[in-house]
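Enquirer: this is the structure alone, sequence omitted:
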């Protein structure tokens, strides 16, 4: 059954929903003289009418009925301002993230990991290849520089990166360790920038690396300065997974640690994420009680990050450079 619905340009969002839902509707722009746009209620009614007319149809129509229901729910959700995930977008993101976890991967390997048909994965990869987000190497695929282009655009468009890059460079050179600039996003500590001193240890981190917040110096220093309700949301969503023997996995203990961080002005990672590595991080909050912008940190091996250097020297340097970034943020 083919149904035509005329809509004005104000209904373009509905066109997208119908196209993605695959209901079988053909949609055409309304004539210029039409000044009565099809509203959400009328559109949903028409969709439901189609479903009703097909309810006793052959089994071959079942997929169309499912898609019609999905379109109804999506349109109502759009009107109510709720979020209805689009499965195709989620699958494309899953493919990209799976490729990000390895250098290269073939269709079969990805299909197994994602629990999807090989034909489906192949279609996604071909589309991503055409859009220049992946590159093909023989029978395998890897992420392309199109992803780097997007990530770089996000970072370069962030004011914090502009004002903090030079201080983080100076901090890393002064301590001869890895310097990091991070922000809180989606309940993770996300690396916005990192740079190494002459003795810096090379880690599997890069622009966009996401770390859990409960077991990292960057994460805990930011958790300590987020609203309590947001902290609770993050802990509920991500939990307190144990990464090492030193990882804090008790909520009460973590909240006590966050209170101590607010008191002293910096957070530490004492082999809580990676055995043999320690870190110190200070939050960037330009005004007392104001908005958290991010955090800067120093990471190094326990062979060098120990004693007074770990407990006093590095914390003093990190907090001093964090204050410099705060001043830049306030007056630049």
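Expert: Here it is on my side, so go on. Being a predicted model, the structure only gives us computed values, none of them experimental.

Enquirer: excluding chain neighbours, what is closest to the residue most central in space within the chain?
Expert: Most central in the chain under CA atoms, centre = their mean is residue 186, positioned 5.6 Å from the mean C-alpha point. Nearest non-adjacent residue to residue 186, counting by CB to CB, 6 or more residues apart in numbering: residue 210, 7.9 Å away. C-beta coordinates here come from the backbone N, C-alpha and C atoms, glycine included.

Enquirer: give me the number of residues near the one you found?
Expert: Neighbour count of residue 210, defined by other CB atoms under 10 Å: 15.

Enquirer: thought it was touching residue 189?
Expert: Yes. Using CB atoms under 8 Å, residue 210 is in contact with residue 189, at 7.1 Å.

Enquirer: pretty sure residue 267 contacts residue 224?
Expert: Yes. Taking CB under 8 Å as the definition, residue 267 is a contact partner of residue 224 at 6.5 Å.

Enquirer: okay, these two: which has more neighbours?
Expert: Taking neighbours as other CB under 10 Å, residue 267 and residue 224 compare with residue 267 leading, 29 against 24.

Enquirer: and the more buried one, what does it touch?
Expert: 217-221, 224, 257, 261, 280-283 (CB atoms under 8 Å, 6 or more residues apart in numbering).

Enquirer: now secondary structure, distance to residue 90 and pLDDT too, for the residues you listed, in TSV please.
Expert: Converted to TSV, the contacts of residue 267 look like this (DSSP: H, G, I helix; E, B strand; the rest coil; distance: CB to CB, whole Å; pLDDT from 0 to 100):
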residue	secondary structure	distance to residue 90	pLDDT
217	helix	32	98
218	helix	28	98
219	helix	25	98
220	helix	30	98
221	helix	31	98
224	coil	32	97
257	helix	34	98
261	helix	35	97
280	strand	37	98
281	strand	32	98
282	strand	36	98
283	strand	33	97
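
Enquirer: most neighbours among these, which one?
Expert: Counting by other CB under 10 Å, top hit in the contacts of residue 267: residue 221 with 35 neighbours.

Enquirer: which residue sits closest to that residue, ignoring its sequence neighbours?
Expert: Nearest residue to residue 221, sequence neighbours excluded (CB to CB, 6+ apart): residue 267, at 3.6 Å.

Enquirer: now the one you found: phi and psi?
Expert: Geometry field for residue 267 lists phi and psi as phi -120, psi 160, criterion degrees, to the nearest 10.

Enquirer: check what pLDDT it gets.
Expert: Listed pLDDT for residue 267 reads 98.

Enquirer: what's the answer for the one 4 residues further on, then?
Expert: Confidence per residue is given as pLDDT, and for residue 271 that number is 98.

Enquirer: what's the answer for residue 107, then?
Expert: At residue 107, pLDDT is 95.

Enquirer: also residue 58?
Expert: At residue 58, pLDDT is 51.

Enquirer: hmm, who's touching the helix or strand hosting residue 167?
Expert: Following DSSP states H and E, the helix or strand that holds residue 167 is helix 159-175. Under the criterion CB under 8 Å, 6+ apart, residues 155, 178-181, 183, 192-198, 200, 284, 293-294, 296, 298, 300, 314, 317-318, 321, 324-325, 328-329, 332 lie in contact with helix 159-175.
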